[in-house]
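Peer 1: Quick one, what's the 3D model for this:
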Amino acid sequence: MTPEEPLNIPLGVPTAARMYDEALGGKDHFEVDRAANAKLYDVIGENRVRSTALENRRFLGRAVQYLSRECGIRQFLDVGSGLPTARNTHQIAKEADPASRVVYVDIDPIVAVHGRALLADDTTRIVTADMRQPKTILDNPEVTDFLVFDEPLAVLFVAVFHFVTPAEDPQGIVAAFRERQAPGSYVAISHLTTDGMSEEEQQGWHAGFAGATVPLVLRSEPEIRGLFDGYRLVEPGVVRPCDWRPDEQDWPRTTSLFGGVARL
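Peer 2: From the prediction side, this is the model:
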């Protein structure tokens, strides 16, 4: 698929972006997404699923805050960003510098439809593309004419690689972005994990995404850590998201995820 070819995501099929929106209490989802999440709630428990989504969202916020305030990053490529919700990447980055630039990328075209209406801004763009085909992002003029890859930038892969199968080469995807990044750039990754998750809960996660546009792949902590190959992890390394540079709102706490930030 070339950058110019549109993605065809049927409205009658649940998508990760809309399911995530529902779990966070958003409004940009359909009945099919609510039905898919209901399967998760039945097996895993609604509170745990929603807590996992919120814990992940808080990790994203703290990571962007760290990158923008402490590392001086002024360019962000948020891959698999999902639908706009409170405290988006660009809002947090702009608190450090109003001139910060952010490109949001998601495979679901509805993200662009909603996002462009809400995020119209000279320093923010939204691109519909598939991260499993990195060139559709890295060679996309909407990205390359907007972000300066010769300068440090942060690539955010927050809660997206558990939708990438081994055959689709998740480490190769990270490498494709890493090869375009300048020294001093960063990557942030969070990922659903098998570690600390019962067999029943694992089956519940798989059941919830069984009919979605993308399959779910749970990985162990060493597998998730391997996604950071080629970068140097910053403290505290790959940890539960609630333990990554926690603040006064270091809740909720679950054992569903691992996350970390690393420097090139």
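Peer 1: Leaving out the residues flanking it, which one is nearest to Ala212?
Peer 2: Pro14 (4.6 Å; Cβ to Cβ, 6 or more residues apart in numbering). To be clear about C-beta, it is placed using only N, CA and C from the backbone, and glycine gets the same treatment.
Peer 1: Distance of that neighbour relative to Asp195?
Peer 2: Counting by Cβ to Cβ, to the nearest Å, the gap from Pro14 to Asp195 is 26 Å.
Peer 1: These two - which one has more neighbours?
Peer 2: Counted by other Cβ atoms under 10 Å, Pro14 and Asp195 do not tie: Pro14 has more neighbours, with 26 against 16.
Peer 1: Quick one: residues contacting the more buried one.
Peer 2: The neighbours of Pro14, taking Cβ atoms under 8 Å, 6 or more residues apart in numbering as the test, are Phe30, Val32, Asp33, Ala35, Ala36, Phe209, Gly211, Ala212, Thr213.
Peer 1: so the residue nearest to Ala212, which of the three states?
Peer 2: With DSSP: H, G, I helix; E, B strand; the rest coil as the basis, Pro14 sits in coil.
Peer 1: now it: how far from Phe30?
Peer 2: 8 Å.
Peer 1: Looking at the contacts of Pro14, which is nearest Cys242?
Peer 2: Closest to Cys242 out of these is Phe209 (23.0 Å), distances taken as Cβ to Cβ.
Peer 1: Now stretch 100-116: average pLDDT?
Peer 2: Averaging pLDDT along stretch 100-116 gives 83.
Peer 1: which residues of the stretch 101-250 of the chain fall in strands?
Peer 2: 101-106, 124-128, 154-158, 186-192, 232-233 (DSSP state E, counting those that start in this stretch).
Peer 1: Quick one: neighbours of the residue lying closest to Pro166 once chain neighbours are set aside, just the number.
Peer 2: The spatial neighbour of Pro166 that comes closest, neighbours along the chain excluded (Cβ to Cβ, 6+ apart), is Val217 at 7.2 Å. Counted by other Cβ under 10 Å, the residues lying close to Val217 total 19.
Peer 1: Likewise for Gln65?
Peer 2: Using other Cβ under 10 Å as the criterion, Gln65 is surrounded by 17 other residues.
Peer 1: What does the pLDDT read for it?
Peer 2: pLDDT, Gln65: 96.
Peer 1: next structured bit after the host helix or strand of it?
Peer 2: Gln65 is located in helix 46-65, with elements delineated by DSSP states H and E. Beyond helix 46-65 on the C-terminal side, the first helix or strand identified by DSSP H and E is strand 75-79.
Peer 1: and that next one, how far out from the chain's middle?
Peer 2: Remark: strand 75-79 is offset 10 Å from the chain centroid, using Cα atoms, centre = their mean, to the nearest Å.
Peer 1: orientation of it relative to strand 124-128 in degrees?
Peer 2: Counting by axes from the mean of the first three to the mean of the last three Cα atoms, to 10 degrees, strand 75-79 points 30 degrees away from the direction of strand 124-128.
Peer 1: what helices or strands is strand 75-79 leaning on?
Peer 2: In terms of contacts (3 or more Cβ pairs under 8 Å, 6 or more residues apart in numbering; DSSP states H and E), strand 75-79 is packed against helix 89-96, strand 101-106, strand 154-158.
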